[in-house]
Each structure stands twice: as C-alpha cells, then as structure tokens.
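J.: only geometry, no sequence info:
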C-alpha cells in the first residue's frame, strides 16, 4: 500500500473577491452541477465555495500533478454526505492518475478567514 496526501491553506477573502466579481460564471467553471447545488443549499456561500475549492487543490496535490497534465477542476468533485462529511470523486484525467484507490479521506477545517484541507488516498502499490 502507498499513502498519497495533499494539503491546502486558503484565505476565504480570495474566493469571496472572485465570486463577487464573476458570480455563477466562476462557480460553473470550477464546480460540477452537484457541487453547485450543495453550495447553494448552504446559507454561508463563501465558506462552502472556499472549502470545496481548497479540497480540490489538496486533492490535485495528493494526485501528484496539481492542475496540470490535463487534470482540470471539474475532474475533482468534492461532495458531502447527508451528515456533512466531505468525500472526493475523481473523473476524467484525475481518475487516470491514481490506480486502485483502497480508501480516501477529506478533512476540511475553517477558522476566521482561513480554510485548511487535507486529502489522503490509500492506494495499492
């Protein structure tokens, strides 16, 4: 087994500025339809957008490519279970970068103006 891990720290203000400038155009460029539904179901838009964005960044680092080698934001989907627990679904090029995921974990925490995310994959060697 091998452990792949990525971490991201993000200032919420950065996301808030972009969202205020571009609105739903920004959301549709970065997030899937399901992710946007979950964002809009939350009364704290900026927190939810920043959390999912940070989780996408951390995931791309765990994959080992960042957003290069054909991996796009929409290839990484960060969704929440009914109890709020986040999980990751990989699509497109991102899904081709990791073979045989045995387990994955997404942990997101926010405080004041910051969001931090750690994403871990356990994969077969």
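T.: Sure, I can see it. Keep in mind that this is a model prediction, so the values were computed, not measured.

J.: Quick one: residues in contact with stretch 34-43.
T.: If you take CB atoms under 8 Å, 6 or more residues apart in numbering as the criterion, stretch 34-43 is touched by 27-28, 31, 45, 48-49, 52, 77-80. Where you see a C-beta, it was placed from the backbone N, CA and C, and this is true even at glycine.

J.: in what helix or strand does residue 117 lie?
T.: Following DSSP states H and E, one finds residue 117 within strand 114-123.

J.: and what of residue 29?
T.: For residue 29, the enclosing helix or strand under DSSP H and E is helix 24-30.

J.: Ok, residue 102 next?
T.: Going by DSSP H and E, residue 102 is in strand 101-111.

J.: Can you give the contact residues for that strand?
T.: Strand 101-111 has contacts (CB under 8 Å, 6+ apart) with 1, 12, 47, 50-51, 54-55, 58-59, 78, 86-88, 90, 115-124.

J.: Just want the angle from it to strand 114-123.
T.: 170 degrees (axes from the mean of the first three to the mean of the last three CA atoms, to 10 degrees).

J.: Would you mind listing the buried residues in strand 101-111?
T.: 104, 106, 108, 110 (16 or more other CB atoms under 10 Å).
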